[in-house]
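In: Quick one, fold the following:
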Amino acid sequence: MRIILFLLISFAFAYSSNYDAGLEAYKNKEYKKAMELFTKSAKEGNSQAKYNLSVIYANGDGVEKDLTKSLDWLKDASKDGNSYAIMSLANMYMQGFNVEKDYKKAIELFTKEADIGNVEASYNLGFIYTVGLGVEIDNKKGINYYTKAADLGNIKAQINLGYIYLSAQGVAKDMKKAAYYIKKAKDKGDLKAKALWEEFKLEEF
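Out: Numbers count the residues shown, from 1 in each chain. As a prediction, the model looks like this:
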């Protein structure tokens, strides 16, 4: 599976000229040049350049595919606090892709991101705790994380949270809350939410 490179240009980061030139080279499929420029930028401490190098080695863009080098750059970017790297590494630990499966490390990384408002990390933790993936089932924690993600607009969290309240999974049955969250997903056009809305006649609540 090919990994998509996040070509980010943001005023929030003081990206070097090497990084900007690397982006341009990558977009033009001048992969060797992009590698050289991203490497220079990474050595200057640019965490996004480190993440990009990880993706390039994972995909084999202009270089021999090298998952070991990819992982090294990913871990380096993660240590710098790069959100893309942290989420990628957490998912790798969850799936056991290119690393030994380690739910504890995955949860630590997802928690780090959830604590700063990462919606997908909150959703993932909601799923992990409600199904007991590598941990004891903890519906209270799971619901808290699902609620964070749902309130920030994550459709999957809205549906799952709505269903939890419908089925009284670790909480008292609450049709009003179920209707509230499922409606949010339904109003965005989600077909599963629409089906739940109609099946349980949630318009009555």
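
In: and stretch 50-61, how far from the chain's centre?
Out: Distance of stretch 50-61 from the chain centroid (C-alpha atoms, centre = their mean, to the nearest Å) equals 18 Å.

In: what's the answer for stretch 176-190, then?
Out: On C-alpha atoms, centre = their mean, the centre of stretch 176-190 falls 22 Å from the chain's centre.

In: For that stretch, could you pull out the residues that count as buried?
Out: K177, A178, A179, Y180, Y181, I182, K183, K184, A185, K186, D190 (16 or more other C-beta atoms under 10 Å). The way it works is simple: take the backbone N, C-alpha and C, and place the C-beta from them, glycine included.

In: For V55, state which of those is nearest.
Out: Checking the buried residues of stretch 176-190 against V55 with C-beta to C-beta, the nearest one is D190 at 29.9 Å.

In: residues touching the closest residue to that closest one other than its chain neighbours, list them.
Out: Nearest residue to D190 in three dimensions, chain neighbours excluded: I155, at 5.4 Å (C-beta to C-beta, 6 or more residues apart in numbering). Residues near I155 by C-beta atoms under 8 Å, 6 or more residues apart in numbering: K184, A185, K188, D190, A193.

In: Against which helices or strands is the host helix or strand of T68 packed?
Out: In the assignment (DSSP states H and E), T68 maps to helix 67-79. Judged by 3 or more C-beta pairs under 8 Å, 6 or more residues apart in numbering; DSSP states H and E, helix 67-79 is in contact with helix 47-59, helix 83-95.

In: Give me the spatial nearest neighbour of Y123, chain neighbours excluded.
Out: Closest residue to Y123 apart from its sequence neighbours, by C-beta to C-beta, 6+ apart: A149 at 4.1 Å.

In: any idea how far L67 is from that neighbour?
Out: Per C-beta to C-beta, to the nearest Å, A149 is found 30 Å from L67.

In: Who has more neighbours out of those two?
Out: A149 (27 against 15; other C-beta atoms under 10 Å).

In: Just the buried positions in the helix or strand hosting that one, please.
Out: Assigned by DSSP H and E, A149 belongs to helix 139-151. By neighbour count on 16+ other C-beta under 10 Å, the buried set for helix 139-151 is K141, G142, I143, N144, Y145, Y146, T147, K148, A149, A150.

In: Would you convert those residues into a markdown table that also reports distance to D115?
Out: Formatted as a markdown table, the buried residues of helix 139-151 follow (distance: C-beta to C-beta, whole Å):
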| residue | distance to D115 |
| --- | --- |
| K141 | 13 |
| G142 | 16 |
| I143 | 17 |
| N144 | 12 |
| Y145 | 11 |
| Y146 | 16 |
| T147 | 15 |
| K148 | 10 |
| A149 | 13 |
| A150 | 17 |
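
In: Having no further points to raise, I will conclude here.
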